[in-house]
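Q: Turn this into a model:
(one chain, ligands or ions: 1)
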Amino acid sequence: MTTNQSTAARYAVFGHPIAHSLSPRIHTAFAAQTGIALEYTAIDAPPAQFAAILDAFAAGGGRGGNVTLPLKEAAFALCAQVSERARIAGAVNTLVRNDGQWHGDNTDGAGLVRDLTGRQGLDLRGRRALLLGAGGAARGVAPALLDAGVLELVVVNRTPERADALVDALGQPGRAHSRYWDDLADQGDFELIVNATSAGRSGDAGFNAPFTLVNSRTLAVELNYGEVAIPFLAWARAAGCRDVVDGLGMLVEQAAEAFELWHGVRPDTGPVYEALRAQNARLVTAD
Ligand code: NAP
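A: Okay, here's the model as predicted:
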């Protein structure tokens, strides 16, 4: 079989902005490792043009896509069918072209749980969990955290109605609750705190929340990596969290889930993660 670009199947990540996405590098590395011929590019898609750009991609032979900020909810709306986990999330991060239609899935939650329980060796069961944010990423990870056995999930979001909607979609009133950001100090302490906001992207100097949220077992997880992750990670360390993890491992694991959906082969994420981590050395692993 030839492996040149003209015969390679086309895949892409869509977002806005997208220039700094690591996904092309990750999928190209998985393809080299597994001997699968593919072309994977980053496509900038302003929200108003996303549907047309996706149509053109499909017409040009596109077989699959990843979707990132701020397009995950729009991708959900463009799919003919979605998986159960994408339906609960109301957000799609993985597109598969089947019979001339897009099938949508959401691999963010599985990617996060695999990174935490596999690579980092952390047990999520029985932890009281606080989820900050109710956007596409939070909606993807919330059901996976419940499936992973957290005791309780408290969701807090700047716009409280979105936290309420997420909790409603989870359909577990005994375990999942929404609370107001301003009431964080009254929520007690947590063994798991997940920052699924994009607040670090706004360039604000710091992340503020009461240190009383933290106890001697607290695992703090930031879904971002790189510069954007720094404010929350600095807060988590200052607050005395036992384990502090950024989103680089989740990024690699959600990509591996998507790769398996497209190609039926599970790549070895270890070497790809290690190569990326070497370039993000001053940021974080569980310790
Ligand atoms: P999104 O749908 O745009 O949601 C953004 C969330 O952040 C919302 O809950 C929003 O609250 C909140 N937020 C934004 N600015 C804030 C601020 N200044 N203070 C407090 N809350 C603020 O984005 P998303 O898709 O959920 O992604 C969230 C972050 O996770 C992004 O930075 C993304 O890069 C990262 N992520 C990483 C991975 C990975 O693989 N590592 C995967 C997915 C996402 P409102 O509802 O009030 O606007």
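Q: and residue 49, how many residues sit next to it?
A: The tally of other residues near residue 49 (other C-beta atoms under 10 Å) stands at 12. All C-beta spots, glycine's among them, are computed from the backbone N, C-alpha and C.
Q: Please apply the same query to the one 10 residues further on.
A: Other residues within reach of residue 59 by the criterion other C-beta under 10 Å amount to 8.
Q: care to break this structure down by domain?
A: For the chain, the structural domains run 9-106+254-279, 109-248, going by automatic domain parsing.
Q: and residue 52, how many residues sit next to it?
A: Using other C-beta under 10 Å, residue 52 has 10 neighbouring residues.
Q: contacting residues around the residue in the stretch 101-250 of the chain that the ligand sits nearest to?
A: Of all residues in the stretch 101-250 of the chain, the one sitting closest to the ligand is residue 135 (1.9 Å; C-beta to the nearest ligand atom). By C-beta atoms under 8 Å, 6 or more residues apart in numbering, the residues touching residue 135 are 157, 162, 196-198.
Q: tell me the two of these that are most distant?
A: Comparing every pair within those by C-beta to C-beta identifies 162 and 198 as the most remote, at 12.9 Å.
Q: Give me every residue in the stretch 1-150 of the chain lying close to the ligand.
A: Taking C-beta under 6 Å from any ligand atom as the contact definition, the stretch 1-150 of the chain meets the ligand at 69-70, 72, 108, 133-138.
Q: In this structure residue 103 contacts residue 80, no?
A: Yes: with contact defined as C-beta atoms under 8 Å, residue 103 counts as touching residue 80 (6.9 Å).
Q: Give me the more crowded residue out of these two.
A: Neighbour totals were compared for residue 103 and residue 80, and residue 103 leads with 19 against 11 (other C-beta under 10 Å).
Q: does that one sit in a helix, a strand or a coil?
A: Three-state assignment for residue 103 (DSSP: H, G, I helix; E, B strand; the rest coil): strand.
Q: excluding its backbone neighbours, what's nearest it?
A: Using C-beta to C-beta, 6 or more residues apart in numbering and skipping the chain neighbours, the partner closest in space to residue 103 is residue 96 (4.5 Å).
Q: just residue 69 next, same as before
A: Residue 69 sits nearest to residue 15 (C-beta to C-beta, 6+ apart), 5.6 Å away.
Q: Is whichever helix in the chain runs longest positioned near the ligand?
A: Longest helix of the chain, by residue count under DSSP state H: helix 248-263. Yes: on the criterion C-beta under 6 Å from any ligand atom, helix 248-263 is in touch with the ligand at 250-251, 254.
Q: Please list only the buried members of those.
A: 250-251, 254 (16 or more other C-beta atoms under 10 Å).
Q: pLDDT below threshold where in this protein?
A: Along the chain, segments meeting pLDDT under 70 span 1-7, 203-205, 281-287.
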